[in-house]
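1. Compute the structure for the input listed below.
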Amino acid sequence: MTRIASPQDQDVADSLTWLHIGAGSFHRAHQAVYLNALRESGADRRWQLALANIRADMSPLLDALARQQGQYTLETVTPEGQRSYQRIGAIGRILPWDEQLTQLIAAGAEERTRIISFTVTEGGYYLDHQYQLDTANADLAGDLRCALDGSGAPRTIYGAIAAILQARSQAHSQAALTLLNCDNLRHNGERFRDGLRQFLVLRGETALVAWMEAYTTSPNAMVDRITPRPTPAVAERVKQATGVDDPCALMGESFIQWVIEDDFKAGRPRLEAAGVEMVASVLPYEEAKIRILNASHSCIAWAGTLAGLQYIHEGTLRADIRQMAYDYVTQDVIACLTPSPIDLAAYRDTTLARFSNPAIQDTNQRVAADGYSKIPGFIRPTLQESLAAGRMPHATAMLPALFLVFLQRWNEGRLPYEYQDGIFDPAAVRTMLAAADPVQAYCEDAVLWGELAGDPRLVELIRTALQKLHQWLGQAR
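-> Prediction:
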């Protein structure tokens, strides 16, 4: 049963640790903000954040945060352009990176660490279209051979968590733990847990699998806040507004949401006191967010890139691109998700208003990334469900058609930025695009389409959408 921290526990302030893996902007603008609110309000001061990273790329940021005792300034911006500034002081421990993840593993093994959360992006779970681990991935293959005794050099979330669980089970044989996913992965707690189980089984870690099953839980969760990569302009505005010279400053939209299934194994903060929605099932919230917000975001990023735009708000404010996203939700998604406890039309309108915010300066490059995870995760379910119901989802088909043309531009070296994708195989994609019938080859890609791969209805939908898309591109610039 979940144990919630109470005001009576204040005499043991800061005695429990919430360890987060992933030092990027999203955690600092989202989960840390909620925990900061709990501490500032006095509703729950027992929990302290510890922050770490699996890769070396965030080491400069971790060093800068350490110099500031974990504190930083968050700028938030409303769709109307109102800016506000808040000092976030919830991060009490900064764990420096080293190749063996020494301090991360040690912190995870501490008995007082009761929750480990993580943001590694969708591609960082290395799951194929059947939610099986992609063991051909070099990093994952390396971690399958990596020692768990602290002498290895884990590169994936599975390798890092496995090493933590190994150390924890040896040091505290019954020290329960919650593993909390904070990424845009459908059924994210279940998917991560199944991936971790597969990882341990492939390694032959029978005892560790049994320990994980007995002493950990992995709640599903839905997270939401648009958080662009920080730019020097953010730090300049922070200094002007607050007088603080903060190299760790970042910016996010004013909207924020966090929905979590209340299945914590070893206690939790009073998250509901900070506005977190604690629910029995996150599914309807997750589906609305993934299909309406995430898929529409990708639609606008791909379309905006093809139209020569740089920012998400530029595409959203263009009637033609906005209409693509609007039609996708209105014509196909709402029918698939009805009935829902959420007003889906209102959620659509709120989402598009958020994307229209010019102050966010969110780039198409950031949102267009990881298409090989986003097509199967965000878009394919609406295609499948619509076809199963006897509907031809023409509006939805525009999204994968956009991605195909986007890939063709990438192949030709005509994208205005470097495309980043955690799981796609560049050589295989180039072969696909060079096929006698690229559309047919695209629709046969099992990574993207799963059971839909090669379906004649899919091929027809994409061909029809491409005709509309090429007509639009002729007029778009």
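2. could you point out where this structure is predicted with low confidence?
-> Low-confidence segments of the chain, defined by pLDDT under 70, are located at 1-14, 129, 476-477.
3. Kindly recompute the last result at 50.
-> Under the criterion pLDDT under 50, the flagged ranges of the chain are 1-14.
4. ok, which stretches of it are strands?
-> In chain order, the chain shows strands spanning 16-21, 47-52, 72-77, 83-88, 91-94, 113-118, 177-181, 216-217, 221-224, 250-253, 257-261, 277-279, with DSSP state E as the criterion.
5. any chance of those in JSON lines, with distance to R268 and mean neighbour count too?
-> From N, CA and C alone the C-beta is placed, and that goes for glycine too. Listed next are those as JSON lines, based on distance: least, Cβ to Cβ, whole Å; neighbours: other Cβ atoms under 10 Å:
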{"stretch": "strand 16-21", "distance to R268": "9", "mean neighbour count": "23"}
{"stretch": "strand 47-52", "distance to R268": "8", "mean neighbour count": "24"}
{"stretch": "strand 72-77", "distance to R268": "23", "mean neighbour count": "22"}
{"stretch": "strand 83-88", "distance to R268": "20", "mean neighbour count": "15"}
{"stretch": "strand 91-94", "distance to R268": "17", "mean neighbour count": "20"}
{"stretch": "strand 113-118", "distance to R268": "7", "mean neighbour count": "22"}
{"stretch": "strand 177-181", "distance to R268": "7", "mean neighbour count": "24"}
{"stretch": "strand 216-217", "distance to R268": "11", "mean neighbour count": "19"}
{"stretch": "strand 221-224", "distance to R268": "12", "mean neighbour count": "22"}
{"stretch": "strand 250-253", "distance to R268": "24", "mean neighbour count": "24"}
{"stretch": "strand 257-261", "distance to R268": "9", "mean neighbour count": "20"}
{"stretch": "strand 277-279", "distance to R268": "9", "mean neighbour count": "17"}
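6. can I get those strands in JSON lines with distance to A346?
-> Written out in JSON lines, the entries for these read as follows (distance: least, Cβ to Cβ, whole Å):
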{"stretch": "strand 16-21", "distance to A346": "32"}
{"stretch": "strand 47-52", "distance to A346": "33"}
{"stretch": "strand 72-77", "distance to A346": "22"}
{"stretch": "strand 83-88", "distance to A346": "25"}
{"stretch": "strand 91-94", "distance to A346": "35"}
{"stretch": "strand 113-118", "distance to A346": "29"}
{"stretch": "strand 177-181", "distance to A346": "27"}
{"stretch": "strand 216-217", "distance to A346": "33"}
{"stretch": "strand 221-224", "distance to A346": "15"}
{"stretch": "strand 250-253", "distance to A346": "17"}
{"stretch": "strand 257-261", "distance to A346": "14"}
{"stretch": "strand 277-279", "distance to A346": "17"}
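7. So which of these is nearest I300?
-> If you check each of these against I300 by Cβ to Cβ, strand 250-253 wins as the nearest, at 14.8 Å.
8. What helices and strands are in contact with the closest one?
-> The contact analysis (3 or more Cβ pairs under 8 Å, 6 or more residues apart in numbering; DSSP states H and E) places strand 250-253 against helix 25-29, strand 72-77.
9. Quick one: closest of the strands of the chain to Q384.
-> Between Q384 and these, the tightest spacing by Cβ to Cβ is seen for strand 221-224, at 20.9 Å.
10. on that earlier part again, adding distance to A307, write the helices and strands packed on strand 250-253 out as TSV.
-> Formatted as TSV, the entries for the helices and strands packed on strand 250-253 read as follows, by distance: least, Cβ to Cβ, whole Å:
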stretch	distance to A307
helix 25-29	26
strand 72-77	24
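11. residues contacting the residue positioned nearest the centre of the chain?
-> Compute the mean C-alpha point of the chain, and by Cα atoms, centre = their mean the closest residue is D183, 3.1 Å away. If you count contacts by Cβ atoms under 8 Å, 6 or more residues apart in numbering, D183 has them with 118-122, 124-125, 223.
12. sorry, back to before: and of the helices and strands packed on strand 250-253, who's closest to T338?
-> Minimum separation from T338 across these (Cβ to Cβ) falls at helix 25-29, 29.9 Å.
13. related to what we said a few turns ago, can you tell me which of the helices and strands packed on strand 250-253 comes nearest to A214?
-> For A214, the closest of those is helix 25-29, at 28.3 Å, according to Cβ to Cβ.
14. Which secondary structure elements does the closest one sit against?
-> Checked by 3+ Cβ pairs under 8 Å, 6+ apart, helix 25-29 has strand 72-77, strand 250-253 packed alongside it.
15. Serialize those to JSON lines and add fields for distance to S340.
-> JSON lines is the format used below for the helices and strands packed on helix 25-29 (distance: least, Cβ to Cβ, whole Å):
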{"stretch": "strand 72-77", "distance to S340": "28"}
{"stretch": "strand 250-253", "distance to S340": "23"}
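16. Which one, of these, ends up nearest to P426?
-> For these, proximity to P426 was assessed by Cβ to Cβ; strand 250-253 is nearest, at 30.9 Å.
17. May I have the closest one as CSV, with CA atoms only?
-> The C-alpha trace of strand 250-253 is given here as CSV (Å, rounded to 0.1, in the frame of the first residue of the first chain):
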residue,chain,number,x,y,z
LEU,A,250,15.6,27.5,-18.7
MET,A,251,12.2,28.3,-20.1
GLY,A,252,8.9,26.4,-20.5
GLU,A,253,5.3,27.2,-21.2
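18. hmm, who's touching it?
-> For strand 250-253, contacts defined as Cβ under 8 Å, 6+ apart pick out 25, 28-30, 72-79, 225-228, 230, 234, 354, 357, 360.
19. Give me the sheet partners of it and which way each runs.
-> Within its sheet, strand 250-253 is paired with strand 72-77 (parallel), according to DSSP bridges.
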